[in-house]
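# When you get a sec, could you give me coordinates for this:
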Amino acid sequence: MTQPTSSGARDPAEPRRVVIVGGGFAGLFAARAFRRRPVQVTLVDRATHHLFQPLLYQCATGVLSEGQIAMPLRAILRKHRNVDCVLAEVTGFDVEARIVHAMRPTGGDIEFPYDDLILAAGVRQSYFGHDEFAKFAPGMKTLADALLIRRRVFGAFEMAQSATDPEERRRWLTFALVGAGPTGVELAGQIREVATSTLSKQFHDVDPTEAKVLLFDGGDAPLAPFGPKLSGKAAAALTRLGVELHLGSIVTDVNANGLVVRGPDGASTSYQAGTVLWAAGVAAPPVADVLAKATGVEQDRAGRIKVQPDLTLPGHPEISVVGDVMSLDRLPGVGEVAMQSGYYAAKRIRNEVDGKTDPPKPFKYRDFGSAAYIARGQAVVEVGRVRLSGKLGWLSWLGIHIAFLTGYRNRVGAVLSWAVAFSRETRRERAFTMQQVAPGGADLYRNRTGDDSSWPTTHPSPNTD
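Residues are numbered from 1 along each chain as shown. Now for the predicted structure:
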């Protein structure tokens, strides 16, 4: 780890110091770009792994294991001897002294001096000013989120199995998803597949195929950014799966019993649901606010930092903001933007280290398209003017995600898991604990007695706080 000098100033005898905040696509591609350069890179992240977020929903629904979509940063960067990974949370910036302040997980402050700073902190789930909804409707941005959703989804079927009250059983077998973008559509399709294929013959006292999946969105079509043609195909595929589309609907409340929705006619309706999942909207993390305050730069409505065409901040050419947390030309928050912007920022610094004096060209994003998985044999893919759906779209989706997965082991593991899941209608990654299965985050087995601490003595209802 690079140690700070007393003033935070750079020692001319030392390599150029680059601090990268965030180990997602943007941060990882930036760190990799400095290989074999006289640069000392410090990668600071609150997690020790790089996460392939586009496949989080498959971890949440039992297709892939967490190890197939998350890889240790140290393992990925093991050949990059000039990169040091630090587990910490960034808490502040001294832009005059060029020092990043952070806190270790167990407490204790730590400082990282820098000559160049790259903020690649990603985004978090947005509840549009209603953060109290998060307790009852988890989003899906982290590995912990995916494992929580796995507990909620598979736990709901188990709770329905043991329920004796028909109303309670119906509630557990009702899943509500908020947001009809790629995440919401993918989760909705997967939950219906779990109900109608994976679990259809594995319960005796309940019929999983009766599970209702409700998808709410304030817009007039699912996957609207894909255009009307692919959006229409996605809507038709979801309807065939049995997903109920509630479009033009705004969620006004979420609680332990379900949610309240204001429909297109302005009337509010309550829906009883044992599981509510949130896939609508993103916001910049708190660290973006901290940097914006320290530098005086502007932020957009979601809190993302507005950057110049070379991805630096006005008045601070030593600070770059990349990936989802940057705001530039309304670029979408997708992995390709993160990868390209992270590499661009690192290359600009690398050119300076190499003695190249030509001013950098403005960042230009190359759009490699978008893809969304709906169900087995059903996906939509948009690449330039090419629009694919159905089985052809599904095969294209498979190829795209295999190509972008990090690491040979993860690619092989994903292919094998997909082969089993798609050919035998089974999902091997269904293990879950009973922590936070009930809405509101309750541990259903938190009250224990007797010599065997694993033996349950109470079965609280889904209203348990």
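# okay, now the closest residue to Val334 other than its chain neighbours: neighbour count?
Excluding the flanking residues, the one nearest Val334 by CB to CB, 6 or more residues apart in numbering is Ser370, at 6.7 Å. (Each C-beta comes from the backbone N, C-alpha and C, glycine too.) Ser370: 18 surrounding residues under other CB atoms under 10 Å.
# same check, this time on Lys293
Neighbours of Lys293 (other CB under 10 Å): 12.
# Check the one 4 residues further on too.
Other residues near Val297 number 20, with proximity taken as other CB under 10 Å.
# hang on, it packs against Arg304?
No: using CB atoms under 8 Å, Val297 is not in contact with Arg304; the gap is 10.7 Å.
# and the gap between Ala273 and His246?
12 Å (CB to CB, to the nearest Å).
# Arg150 too?
Separation of Arg150 from His246 (CB to CB): 24 Å.
# Ok, Val213 next?
Val213 sits 11 Å away from His246, going by CB to CB.
# Secondary structure element holding the closest residue in space to Phe25 that isn't next to it in sequence?
Distances taken as CB to CB, 6+ apart place Ala338 nearest to Phe25, at 3.8 Å, with adjacent residues excluded. Take DSSP states H and E as the rule and Ala338 turns out to sit in helix 335-353.
# which residues are in contact with both of Ala273 and His246?
Common neighbours of Ala273 and His246 (criterion: CB atoms under 8 Å, 6 or more residues apart in numbering): Leu214.
# which residues of the stretch 101-250 of the chain fall in helices?
Assigned by DSSP state H, counting those that start in this stretch, the helices in the stretch 101-250 of the chain fall at 143-162, 166-172, 182-193, 228-241.
# Identify the residues contacting Arg304.
Here Arg304 is in contact with Val123, Ala284, Ala288, Asp324, Val325, Met326, Ser327 (CB under 8 Å, 6+ apart).
# let's go with 7 Å and repeat that
By CB atoms under 7 Å, 6 or more residues apart in numbering, the contact set of Arg304 is Ala284, Ala288, Val325, Met326, Ser327.
# With Gly92 instead?
For Gly92, the contacting residues are His101, Val290, by CB under 7 Å, 6+ apart.
# any idea how far Arg170 is from Phe136?
Taken as CB to CB, the span from Phe136 to Arg170 is 18 Å.
# typo on my end, it should be Ile349
58 Å.
# Double-check the residue nearest to Phe25 against Met326; I have them as touching.
No: with contacts counted by CB atoms under 7 Å, Ala338 stays clear of Met326, the gap being 9.2 Å.
# Settle it for me: which of Ala273 and His246 has more neighbours?
Using other CB under 10 Å as the criterion, Ala273 and His246 rank with Ala273 on top: 27 against 19.
# The more buried one: what's it in contact with?
Ala273 neighbours (CB under 7 Å, 6+ apart): Arg171, Thr174, Phe175, Ala176, Gly258, Leu259.
# partner residues bridging the fourth one?
Following DSSP bridges, Ala176 is listed with bridge partners Leu214, Val276.
# Give me the buried entries from the contacts of Ala273.
Arg171, Thr174, Phe175, Ala176, Gly258, Leu259 (16 or more other CB atoms under 10 Å).
# List phi and psi for Pro360.
phi -70, psi 150 (degrees, to the nearest 10).
# how much space between it and Asp310?
5 Å.
# what do you get for Arg428?
46 Å.
# and the residue lying closest to Ser65 once chain neighbours are set aside, what does it touch?
Leaving aside its chain neighbours, Ser65 sits nearest to Glu429 (4.7 Å; criterion: CB to CB, 6+ apart). Applying CB under 7 Å, 6+ apart to Glu429 gives the contacts Gly62, Val63, Leu64, Ser65.
# again, only this time at 10 Å
Residues in contact with Glu429 (CB atoms under 10 Å, 6 or more residues apart in numbering) are 58-68, 150, 417, 421.
# Show the pLDDT at it.
Per-residue pLDDT puts Glu429 at 87.
# For the protein, give me the ranges with low pLDDT.
For the chain, the stretches with pLDDT under 70 are 1-13, 408-409, 423, 441-465.
# Dihedrals phi and psi, Ile305?
Given degrees, to the nearest 10, the pair of backbone angles that Ile305 has is phi -90, psi 130.
# Can you give me the neighbour number for it?
As a burial measure, Ile305 scores 24 neighbours (other CB under 10 Å).
# Does it touch Ala288 like I think?
Yes: Ile305 is within contact range of Ala288, at 5.5 Å (criterion: CB atoms under 10 Å).
# joint contacts of the two?
Common neighbours of Ile305 and Ala288 (CB under 10 Å, 6+ apart) are Leu119, Ala121, Val297, Gln299, Val321, Val325, Met326, Ser327.
# Looking at those residues, which are in strands?
In this view, the shared contacts of Ile305 and Ala288 that belong to strands under DSSP state E are Leu119, Val321, Met326, Ser327.
# If the first one is in a bridge, with which residues?
The reference is to Leu119. Beta-bridge partners, per DSSP bridges, of Leu119: Val21, Val321.
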